[in-house]
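Give me a model of this one.
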Amino acid sequence: MKAHIVGGGFGGLAAAALLIRNAGVPGHDITIYEADEQLGGGFFLDGGPQSGYNLPGSVFDKEFRCAFDLLATIPSAADPNVSVKDQFFTFNNEHPFDDRTHIIDRDLHVVHGPRFGLSLCDSLALARVSVTPEAMLDGRRIEEFFSPRFFLTEFWLLWSTIMGSLPQHSAIEFRRYVNRFIYLFPDLSTMARVLRTPFNQHEAFINPLVAWLSPRGVNFLTGAFVQDIGFEPSLGRMTVNRFDYQLRDGATSSVAVAPEDVVLVTTGSQAADRSAGSMTEAPKPLDTGRSWALWKRLAQGRKEFGNPDAFFGAPRIAESRWVTFTVTTTSTEFIDQMTKLTGSEPGSGGLLTLKDSGWVLSLSIFHQPEVLDQPKGAFVWWGYGLYPERPGNYVTKRMDQCTGAEILREVLGHLRFEKKETIMESSICIPCNLPYVNNIWLARRRGDRPPVVPEGATNLGLIGQYVEVERDIAFTFEYSTRTAWEAIYRLLKRGPAPPPVYQGQFDPNALLAVLKVFVSQ
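Residues are numbered from 1 along each chain as shown. Sure, this is the predicted structure:
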C-alpha cells in the first residue's frame, strides 16, 4: 500500500506521521507533494535579520487534543528526550500571558470595564447563539443575532482581534468558537489561558515533524503542483486510479494509484496567494489560485466535494484579507516604550489593540528570541490589521497598499512614542498580504465544506481547514490534525479513533466562570 499526500503544510505532515504511528504504514511508502518550495504552509518563516523576518502570529488552546496527542510523540529539536508537546506546555507554564493593557483608545487610555461592556441582553443573545442548532444557522451571519451596540463592546473587540471574526461572518463558526472557548471568557483581557509557541511555529512544529519523518523514509517532493485526480469508472463508488502533477520546471508526470493505496488531499490554504513587501515596497497582489485549483476541479459537477467558491476567489477577499507585519529591530526604544505604556514585560503581554485606528491594529512583542538563530541584540515583534482595506489615520491609504515604512509610521503615530526616527532607522518592517487567511469565517451553508471522506470514496480523504468536522473550529492546527486523523481512521480502519472535540458548554467549571463574569460582576 502506498500513501500520497497532497499538501505539505502542518496537516499534510501530521497525516504522514499519523499514517506511520496509527496505521503502521512504512515511511518509504508515503510521499508528500508540495507545490511550494518550502514545507509548512501557513506556518512559514521567511527572511532574516538583515532583510527582516516575515512570520505569522498564532494562538493555541490546551484542548487541541489531536494535535498535542501527536506532538507528544515528536521529539523537540532542543532535546530528543523532551517532546514538542512537553516543550510547548513547559514554556507556557513558565511564561504565561499577563496582558495588563489589551485595548487602548486614541488618547492612550486603557479600555476595560465590568462584564467587558456587555449588557444582560448581550449575554442572553450569546447564550441563545450557543444553544441554537446549527441547522438553524445555515448561511446566517453573526450580525443577525445581536444589536449594533454589541459590536461596540469591549467583549467584541477582544473576541474579534483574538479569534478573527467580523460581524458579517458565519454564525455557525461563531457558535462553534463560543462553545469551544467559553472557558476563556474570564481571561479574554489578560489572555492568561491563551497559549503560544516558545518561538516561531515553523521551528517549533514544522521542523521537528520533518526531522521525525525524514529518517523514517518519508518522501518529500517540493515544487510539485498536483493538477488533477482521476477515478476508476464505477457506479456509486469513487476510487482514485491516478493523479497528475507539474514540477517547477514545467515538466508533468502522472502517478498510478492502486485501489489499496490512499490519497489524502489538502483542499486549500489560508496562506493562499500570500505575498510580502519590504520597507520601500507594498506587497504585490498575487492571483494564482493554485491553492484551491485542485479542489475546484474535483468539485466541478460533484456536489459531494463542496463549494470552493464559498471561500476562494476575488469576491471573497474583502471579507477575508489580513495584512500582517513583522518588525525586526536592533534598538530597544520601541520595546522599552511599549513596556512603559502597557505595564507588561516584553513577551508577557498578548495583544495590544489600538481601538481607534482605522485598520484596527493589534501588536504583539514576542518572547525573545522568536527565531532560533536570531542575532543577539536583535528583537522581533509583530502586528496585523483586522480591517486592512480601510484607510489609515496617519497614512491615508489602504493597509494592503502600504510599504513597511508606512505601516510602521502609522503604528508610531497612534502610540505617540518618542524618538520615532531612531525607531524607524533601526527597524525593518515586512508587510505580508494574506488575502484568504480569514476565509474560514465567511458565512457558509451546509455542504460548502465537503466531508473528510466524500460519499462513495474508497481511497480518497480530504484534509485541512476546508472540510467538515462536526463541532470543531477551523483556523487551528488542531483542525488540520483532526481531519487527517479522521480520514486515516475511516479509510484504513486502523488505530484509535480521534479523541472527542472539547465542548466548553458542557464543562461545569467553564460555565461557572462565565456566570461569575457576566452575572456577578
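
which SS state does the nearest residue to P369 once chain neighbours are set aside fall under?
Excluding the flanking residues, the one nearest P369 by CB to CB, 6 or more residues apart in numbering is F199, at 6.5 Å. Glycine gets a C-beta too; all of them are placed from N, C-alpha and C. Secondary structure state of F199, per DSSP: H, G, I helix; E, B strand; the rest coil, is coil.

Could you pull out the helices in the stretch 301-450 of the chain for me?
333-342, 404-415, 420-425 (DSSP state H, counting those that start in this stretch).

Highest mean neighbour count out of those?
helix 404-415 (a mean of 22; mean count of other CB atoms under 10 Å).

Not counting it itself, show me its contacts.
For helix 404-415, contacts defined as CB atoms under 8 Å, 6 or more residues apart in numbering pick out 52, 106, 108, 277-280, 282, 323, 325, 327, 337-338, 341, 354, 356-357, 359, 361, 363, 383, 392-395, 397, 399, 402, 420, 423-424, 427-431.

could you check the angle helix 333-342 makes with that helix?
Here helix 404-415 points in a direction 30 degrees away from that of helix 333-342 (axes from the mean of the first three to the mean of the last three CA atoms, to 10 degrees).

As CSV, could you dump the C-alpha coordinates of helix 404-415?
Provided in CSV are the C-alpha atoms of helix 404-415 (Å, rounded to 0.1, in the frame of the first residue of the first chain):
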residue,chain,number,x,y,z
GLY,A,404,6.6,48.5,5.6
ALA,A,405,7.9,52.0,6.4
GLU,A,406,4.3,53.4,6.0
ILE,A,407,2.8,50.8,8.3
LEU,A,408,5.5,51.4,11.0
ARG,A,409,4.9,55.2,10.8
GLU,A,410,1.1,54.6,11.2
VAL,A,411,1.8,52.5,14.3
LEU,A,412,4.1,55.1,15.8
GLY,A,413,1.6,57.8,15.0
HIS,A,414,-1.0,56.1,17.2
LEU,A,415,1.4,55.3,20.0
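
tell me the mean pLDDT over it?
Averaging pLDDT along helix 404-415 yields 98.

Could you tell me how far it lies from the centre of the chain?
25 Å (CA atoms, centre = their mean, to the nearest Å).

Stretch 427-439: which residues count as buried?
Using 16 or more other CB atoms under 10 Å as the test for burial, stretch 427-439 gives 427-439.

Spell out which residues make up each domain of this structure.
3-91+198-269+287-302+445-492, 112-192 (automatic domain parsing).

For F506, find the nearest of those domains.
Checking these against F506 by CB to CB gives domain 112-192 as the closest, at 8.6 Å.

could I get the domains of the chain as TSV with mean pLDDT?
Listed next are the domains of the chain as TSV, based on pLDDT from 0 to 100:
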stretch	mean pLDDT
domain 3-91+198-269+287-302+445-492	97
domain 112-192	96
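
Redo those domains as TSV? Include distance to V514.
Shown next, in TSV, are these (distance: least, CB to CB, whole Å):
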stretch	distance to V514
domain 3-91+198-269+287-302+445-492	16
domain 112-192	5
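
Sketch out the helices for the stretch 151-300 of the chain, chain order is fine.
For the stretch 151-300 of the chain, helices defined by DSSP H, counting those that start in this stretch occupy the ranges 154-163, 171-180, 201, 207-213, 290-299.

on that earlier part again, how about JSON lines for the buried residues of stretch 427-439, with pLDDT added?
Output for those, formatted as JSON lines (pLDDT from 0 to 100):
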{"residue": "S427", "pLDDT": "98"}
{"residue": "I428", "pLDDT": "98"}
{"residue": "C429", "pLDDT": "98"}
{"residue": "I430", "pLDDT": "98"}
{"residue": "P431", "pLDDT": "98"}
{"residue": "C432", "pLDDT": "98"}
{"residue": "N433", "pLDDT": "98"}
{"residue": "L434", "pLDDT": "98"}
{"residue": "P435", "pLDDT": "98"}
{"residue": "Y436", "pLDDT": "98"}
{"residue": "V437", "pLDDT": "98"}
{"residue": "N438", "pLDDT": "97"}
{"residue": "N439", "pLDDT": "98"}
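
which two in those are spaced the farthest apart?
Greatest spacing in these, by CB to CB: S427 and N439 (30.6 Å).

The residue sitting nearest the centre point of the chain in helix, strand or coil?
Against the mean C-alpha coordinate of the chain, by CA atoms, centre = their mean, the closest residue is F475 at 4.2 Å. Secondary structure state of F475, per three-state DSSP, is coil.

Just give the nearest non-adjacent residue to it, would you?
Closest residue to F475 apart from its sequence neighbours, by CB to CB, 6+ apart: I440 at 5.0 Å.

all strands in the stretch 301-450 of the chain, in order from the N-terminus.
Under the criterion DSSP state E, counting those that start in this stretch, the stretch 301-450 of the chain contains strands at 322-329, 352-354, 361-365, 379-385, 427-434.

What angle do helix 404-415 and the first one make with each other?
For strand 322-329 against helix 404-415, the angle by the same axes, to 10 degrees is 90 degrees.

quick one, strands of the stretch 101-250 of the chain?
Ranges of strands within the stretch 101-250 of the chain are 103-104, 219-222, 225-231, 240-246, based on DSSP E, counting those that start in this stretch.

Return the list of helices and strands in contact with the helix or strand in which L18 is found.
Per DSSP states H and E: L18 is located in helix 10-21. Applying 3 or more CB pairs under 8 Å, 6 or more residues apart in numbering; DSSP states H and E, we find helix 10-21 packed against strand 3-6, strand 30-34, helix 65-71, helix 207-213, strand 262-266, strand 460-463, helix 477-492.

in it, what's buried?
Under the neighbour-count criterion of 16+ other CB under 10 Å, helix 10-21 has F10, G11, G12, L13, A14, A15, A16, A17, L18, L19, I20, R21 buried.

Adding distance to R115, write those residues out as JSON lines.
JSON lines is the format used below for the buried residues of helix 10-21 (distance: CB to CB, whole Å):
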{"residue": "F10", "distance to R115": "37"}
{"residue": "G11", "distance to R115": "38"}
{"residue": "G12", "distance to R115": "43"}
{"residue": "L13", "distance to R115": "42"}
{"residue": "A14", "distance to R115": "39"}
{"residue": "A15", "distance to R115": "43"}
{"residue": "A16", "distance to R115": "46"}
{"residue": "A17", "distance to R115": "43"}
{"residue": "L18", "distance to R115": "42"}
{"residue": "L19", "distance to R115": "48"}
{"residue": "I20", "distance to R115": "49"}
{"residue": "R21", "distance to R115": "45"}
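
and which of those is nearest H28?
I20 (10.4 Å).

wait, doesn't that closest one sit right on H28?
No: taking contacts as CB atoms under 8 Å, I20 lies outside contact range of H28: 10.4 Å.

Mutual contacts of the two, please.
Jointly contacting I20 and H28 under the rule CB under 8 Å, 6+ apart are R216, V218.

Please report phi then psi for V469.
Per-residue torsions, V469: phi -130, psi 120 (degrees, to the nearest 10).

burial of P369, as a residue count?
Neighbour count for P369, taken as other CB atoms under 10 Å: 16.

repeat for S58
Residues lying near S58 (other CB under 10 Å) number 17.

What distance do you get for the closest residue to it other than its chain neighbours to D98?
Closest residue to S58 apart from its sequence neighbours, by CB to CB, 6+ apart: Q201 at 5.8 Å. Distance from Q201 to D98, counting by CB to CB, to the nearest Å: 22 Å.
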